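>>> What shape does this take:
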Amino acid sequence: MEEQIIKTEYSELMQKSYIDYAMSVIVARALPDARDGLKPVQRRTLYDMQELGISYDKPYRKCARIVGDTMGKYHPHGDSSIYDALVVLAQDFKKGQILVDGHGNFGSIEGDGAAAMRYTEARLAKITQEVYLKDMDKDVIDFVPNFDETEKEPEVLPVRLPNLLVNGADGIAVGMATSIPPHNLGEVVDAVKAYMKDEDITTKGLMRYVKGPDFPTGGIVANKDELAQIYETGSGKIKLRGHIEVEKGKAGKQYLVITEIPYTMIGANIGKFLNDVAGLVETKKTQDIIDISNQSSKEGIRIVLELRKGADVEQLTALLYKKTRLEDTFGVNMLAVVDGRPEVLSLKKLIEHHVDFQFDICTRKHQNLLARELEKKEIQEGLIKACDVIDLIIEILRGSKNQKQVKDCLTLGITEGIRFKTKASEKAAKQLSFTQRQATAILEMRLYRLIGLEIDALMKEHQETLDRIARYEDILNNYDSMAQVIMEDLDRSKREFGRKRRTVIENAEEIVLEEKKIEETEVVFLMDRFGYAKTVDVGTYERNKEAADQEYRYVFRCMNTDKICVFTDCGKMHSVKVMDLPYGKFRDKGTPVDNLCNYSSAQEQMVFVASLNMIRQQKLVFISGSGMCKLVDGFEFDVSKRTIAATKLGDEQEKVVLIGLYEESDYLVLQSKEGYFVRFLLSEIPEKKKTAIGVRGMKLGAGDEIIHAYLLANRMEYEITYKDKPLVLNKLKLSRRDSKGIKKQ
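I've put the predicted structure just below:
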């Protein structure tokens, strides 16, 4: 067969492939369906558990069994995604209503992971069976082929509650993400009922029932007035706060106890919060905290801060809210899949889609029930009619040669081949007109059904069937009747599974943190050659001046309100507040500078260190490896950012050779790798912006570069060792900038 080469535009092919991939992630992986509020992996896992018969009143089964079965039948995307989804469905600190009853280690609120799936067990929660999976046998939803078309899986589960609101959702797709907070089940039920009674109800009207999110971790929603806009648009930011209580101990001691945390703090952020509080103490932002202990357990969160006597509790509370994640924001984006397309939904739209889905489920359910009852009615009517002519039916049975003759006689009145005792019987048989279903039921009827009491029971059962048919027809033909059925289901769910609200909704005042004024004092900054830095008071330095000048690479005086600027050979400037440096004794080791700022000793080397006040009133000299020179006004480095580009370099490989203060020197000497030296006046270097490369200070040959640069004062002699010989730099011939210089042998 001849090969066919199909030519196509590469950009068009990539665009189509990417769009297909993006839509697959959006619709089939990351975003929940607006109808049942579940992602595909959650839906498939719950359905598989039902298929395996792991109901709430049966023994637990190994999670590995559930995960393996789900992956093999419905979700071929790896076991970790299925198990992770299963674990989250069982964590009561993440979900408003847990859908899986887990047995074993399913992780903790502090971020501990669940045990491996071979150790843990699970079964369906009661609410899942009775509210999420009920009536699956009544054709209320469509089933679609699985990934290899060997099984059928539900397109959506017949969930009776707005699961998107009750349990919330989060997921990151391609170019979009969903983040829906959990809500109180009882409030959501009341809001759905209110919408069903009045479809013109406004968002404000619905919020009379849904007060706001109800997080399983409790806490406080502090921006109540902004919730209306969030629910109207489907997006916004909710301000969350933890709940703090003040407890009194013995001997007048006071404790701040955090009993509820923001929903965003669950997991590793609890540990980060404890570290942040410890950081406030270490950096002397507060001296009111003596001890921190995390006493949280299965009973709930309990983080205790022991306070010193006379502590300002109000100021400390404000500090915790302002400087830690005890006050945080929850970004709301109520995005879900509607009719196969992602859509941001308002509170009303979300409830509207849910109610439409409920009417669809209810209609299909009662159509199915009605069909069953009509079939039952047909059979019952046939049996009642048969009881009246039972002698004739027995005569037909005794006179027939096979079952087909009997059925033809009962349904069509055909009597050929059947022996009758009398002509009257044959004539009566020709009048019979049972349906096929009735005829089958008559043939299968047992003789005990001819007892008088059994016939009465049959008549009673027939009347009950007629009553049910009338009720189902009323439900299907009357909107109010169907709405009443749906609302009764909702009320039943509320009674059995509802709980009290945990999260407080209020308009809290903005936290105002009154920073204590720092008394400005002069200190001495010390940094050794390994980058360990600290500050000491001036008196300590004066007593140890000789040792300090010998042992430390950088020694200078500065104010405790100042900043330390660290310039590196990569052309960056990192700054750290003097207050963040450890302050103490002369023999204390200090703290590495790279722990206090973004400086990385593995990737860059320090070239110059000074306080901001030192350079603010002066000009800095910059020399690069390519021989470029410039002066920069020190005010350009007075910025709020902790890391900035201090100069522009020619390429990534080029390094800064020298940075120094202009006012302290008169001459500049450049030394190249090839042994060339040039000395010229600093006044020849022009002033530039920090973003400029500068001007050439020395003409370099091919492959040559500047390896050293020296700033010289006019009346000071500066001697170096070059090729094992002393070389006095001040005695080098004075040249002009941008000259080749002289070569030293």
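>>> What is the neighbour count of I230?
The number of residues packed near I230 is 22, by other Cβ atoms under 10 Å. All C-beta spots, glycine's among them, are computed from the backbone N, C-alpha and C.
>>> Chain neighbours aside, what residue packs nearest to it?
Beyond its immediate neighbours in the sequence, the residue positioned closest to I230 (Cβ to Cβ, 6 or more residues apart in numbering) is G236, lying 3.5 Å away.
>>> Does that neighbour lie in a helix or a strand, and which?
Following DSSP states H and E, one finds G236 within strand 235-241.
>>> Parallel or antiparallel, list what pairs with the next helix or strand after that strand.
On the C-terminal side of strand 235-241, the closest following helix or strand by DSSP H and E is strand 243-248. The strands beside strand 243-248 in its sheet (DSSP bridges) come out as strand 254-260 (antiparallel).
>>> buried stuff in the strand it pairs with?
Buried residues in strand 254-260, defined by neighbour count with 16 or more other Cβ atoms under 10 Å: 254-256, 258-260.
>>> Report the angle between the strand holding G236 and strand 254-260.
Calculated by axes from the mean of the first three to the mean of the last three Cα atoms, to 10 degrees, strand 235-241 forms an angle of 150 degrees with strand 254-260.
>>> three-state assignment of T647?
Look at T647: counting by DSSP: H, G, I helix; E, B strand; the rest coil, its state is coil.
>>> who are the neighbours in contact with it?
When contacts are counted by Cβ atoms under 8 Å, 6 or more residues apart in numbering, T647 is found next to 571, 622, 624, 630, 632, 656, 690, 693-694.
>>> what do you get if the cut-off is 6 Å, keeping everything else the same?
Contacts for T647 were tallied using Cβ atoms under 6 Å, 6 or more residues apart in numbering; they are 571, 622, 690.
>>> Repeat that for V140.
158, 361, 364-365.
>>> who are the neighbours of the strand holding G236, in terms of helices and strands?
Counting contacts by 3 or more Cβ pairs under 6 Å, 6 or more residues apart in numbering; DSSP states H and E, strand 235-241 packs against strand 327-333.
>>> in the strand it packs on, what counts as buried?
Applying a neighbour-count criterion of 16+ other Cβ under 10 Å, the buried positions in strand 327-333 are 327-328, 330, 332-333.
>>> doesn't Y195 make contact with I351?
Yes - taking contacts as Cβ atoms under 6 Å, I351 lies within contact range of Y195: 5.0 Å.
>>> of these two, who's got more company?
Between I351 and Y195, counting by other Cβ under 10 Å, I351 is the more crowded of the two (24 against 20).
>>> pLDDT value on that one, please?
At I351 the predicted local confidence, pLDDT, stands at 96.
>>> How about the contacts made by it?
192, 195.
>>> From L374, how far out is it?
I351 sits 34 Å away from L374, going by Cβ to Cβ, to the nearest Å.
>>> Dump the contacts of V140 to a markdown table, plus neighbour count, distance to A268 and secondary structure.
Converted to a markdown table, the contacts of V140 look like this (neighbours: other Cβ atoms under 10 Å; distance: Cβ to Cβ, whole Å; DSSP: H, G, I helix; E, B strand; the rest coil):
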| residue | neighbour count | distance to A268 | secondary structure |
| --- | --- | --- | --- |
| P158 | 23 | 37 | coil |
| I361 | 22 | 40 | helix |
| R364 | 17 | 45 | helix |
| K365 | 21 | 45 | helix |
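>>> residues near L727, how many?
For L727, the tally of surrounding residues (other Cβ under 10 Å) stands at 16.
>>> partner strands of the strand or helix carrying it, parallel or antiparallel?
Taking DSSP H and E as the definition, one finds L727 inside strand 725-728. According to DSSP bridges, strand 725-728 forms sheet pairs with strand 719-722 (antiparallel).
>>> Do a quick rundown of the strands in the stretch 151-300 of the chain.
Taking DSSP state E, counting those that start in this stretch as the criterion, the stretch 151-300 of the chain contains strands spanning 152-154, 169-172, 177-180, 220-221, 235-241, 243-248, 254-260, 289-294.
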